[in-house]
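Undergrad: Need a 3D model of the sequence below.
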Amino acid sequence: MRRRAKIGGRRLRRRANGQEQVPEAVRAAGTARGKSPKAPGSPADFGDFPRGIPAPRTLSGTSPGPCRGAGSLGGLRLNLTGSDWRGVFLPRAKPVPAAILAGLPVAGYCCGYGEAWGRKLVLVLYVPFNIFGVLAIRMFTAIFKSNMKALITTILVIYHLVTFGQTKEKPNVYELPIPKALNECYSLLDRTMPDDEILLIKTLPEDSIYCNQSFRNGIDFFHAWKLYDGSRLTQYFNKIGLHESYSIYNTILVSYHRYLNKKDVRLEEQIKQYHAIQRKEEQEFLAKVKKDTLNGIYVPKDLKDCFIQLDKMLSENSKVEIKSLESKEETIKYHHDLGMTLRNAWGLWGGSRLSKYFLDKKVNHPDTMSALILAFYYDWLHNNNEGWRKWVQ
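TA: A predicted model of the protein is given here:
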């Protein structure tokens, strides 16, 4: 290793032929004062050098002092003075554990991106990581000077941005208690509903919120609060006059829309409107159940009549295909084609004498009605009439 020492305006080589040499000017100055310079590497007192002439430097590049120490990095032995160690704080830092400590928070964020446990790991290790970063900057700066300082400082800055640049996660509505009344719903929706859905509810006309694609099939709170399953919130609405899950769900959406826009909710007025709609639908339903046709299409009166009509409607190939199924449970494959045709044509959604027939037998959903018709029709094609006749009775 070659080093240069500046004396006056000249640079003299301090190492030649593998041995460190003391410059002649320095030797002469020391001899004139009655002292001879010590051999390289010994604990010499270099305070004897004249002013204006810098003292020789150790391998670490720092001026020697009365207290010397040694540290290692990657197998290289480094000599540091006591003043150096006081600025470092980590006299024997181990690079592997330090690297693991530094990488854990970042790994937690990367592996747990979008997950609560990843964010928590980052925040828990935030303080120890920064303590390590500050100490590492001081240690490596003492050894490698400015380049390492800039590198570690950049890593810390990036880590800060990663930690605090995350979007705050909202609580899961499924993990919170079901509200007891409508006024408790607002704060829970504020806390749990995604911001884009809140914006939609706020800006859409209140009579079209339910019809929007985002809300048509019921968003998270509809299922979490069990509006279809007799939860305590459902019981609250039942007491004030709302009994259908659709009307309860739509009432919450409309009320939340008014709450977001700082309008009067007027719950009693909403209930009266639903009662008026229900009376109108009931009258229409009673008129339909008395008819044997809807829109010019014959509607069966019972389950056996359904089989007779299916024999007339279906082609021979279609009946052979249904009959060739391994079991009647496989008729579920026709739910979205033949099943949907039956639900629409025979008024299972809008009301008909056939829908009333199933309602009287405690079959309340049109999907279940069409599934029963197709499953028992499979038995009908196989001349297995015992099952459906027992169900009828």
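Undergrad: buried set for the longest helix belonging to the chain?
TA: In the chain, taking DSSP state H as the definition, the longest helix is helix 267-289. Buried residues in helix 267-289, counted by 16 or more other C-beta atoms under 10 Å: 267, 270, 271, 274, 285, 288, 289. Glycine gets a C-beta too; all of them are placed from N, C-alpha and C.
Undergrad: Which residues are in contact with the second one?
TA: Residue 270 makes contact with 251, 254, 255 under the criterion C-beta atoms under 8 Å, 6 or more residues apart in numbering.
Undergrad: can you do 6 Å?
TA: residue 251 (C-beta atoms under 6 Å, 6 or more residues apart in numbering).
Undergrad: Can you give me the distance of it to residue 218?
TA: 19 Å (C-beta to C-beta, to the nearest Å).
Undergrad: and if you look at the last one?
TA: When C-beta to C-beta is the yardstick, residue 289 and residue 218 sit 28 Å from each other.
Undergrad: Show me the strands in the stretch 251-393 of the chain, by range?
TA: 293-294, 297-298 (DSSP state E, counting those that start in this stretch).
Undergrad: Residue 173: which of the ones you listed is closest?
TA: Residue 173 lies closest to strand 293-294 among these, at 40.2 Å (C-beta to C-beta).
Undergrad: Mind giving me the packing neighbours of that closest one?
TA: Using 3 or more C-beta pairs under 6 Å, 6 or more residues apart in numbering; DSSP states H and E, no helix or strand is in contact with strand 293-294.
Undergrad: quick one: contacts of it?
TA: 347, 352.
Undergrad: now with 10 Å?
TA: 288, 299, 344, 345, 346, 347, 350, 351, 352, 353, 354 (C-beta atoms under 10 Å, 6 or more residues apart in numbering).
Undergrad: Touching, the first one and residue 350? I think so.
TA: Yes - the pair residue 288 / residue 350 is scored as a contact, 7.0 Å apart, by C-beta atoms under 10 Å.
Undergrad: Mind pulling up the pLDDT for the nearest residue to residue 381 once chain neighbours are set aside?
TA: Excluding the flanking residues, the one nearest residue 381 by C-beta to C-beta, 6 or more residues apart in numbering is residue 323, at 4.4 Å. Predicted confidence (pLDDT) for residue 323: 94.
Undergrad: quick one: contacts for residue 323?
TA: With C-beta under 10 Å, 6+ apart, residue 323 has these contacts: 377, 378, 380, 381, 382.
Undergrad: Quick check: closest non-adjacent residue to the second one.
TA: Leaving aside its sequence neighbours, residue 378 sits nearest to residue 328 (C-beta to C-beta, 6+ apart; 3.9 Å).
Undergrad: Report pLDDT for that neighbour.
TA: 93.
Undergrad: next one: residue 28
TA: So residue 28 comes in at 53 (pLDDT).
Undergrad: Okay, now the unreliable bits of the chain?
TA: For the chain, applying pLDDT under 70 flags the ranges 1-168.
Undergrad: show me the contacts for residue 268.
TA: With C-beta under 10 Å, 6+ apart, residue 268 has these contacts: 240, 241.
Undergrad: how much space is there between it and residue 278?
TA: Counting by C-beta to C-beta, the gap from residue 268 to residue 278 is 16 Å.
Undergrad: same thing with residue 388?
TA: For residue 388, the distance to residue 278 - C-beta to C-beta - is 33 Å.
Undergrad: now swap in residue 231 and tell me
TA: Distance from residue 231 to residue 278, by C-beta to C-beta: 21 Å.
Undergrad: Cross-check the contact I'm expecting between residue 313 and residue 338.
TA: Yes - here residue 313 reaches residue 338: they are 9.1 Å apart, a contact under C-beta under 10 Å.
Undergrad: follow-up on the earlier one: which of the contacts of residue 323 count as buried?
TA: Members of these classed as buried by 16+ other C-beta under 10 Å are 377, 378, 380, 381.
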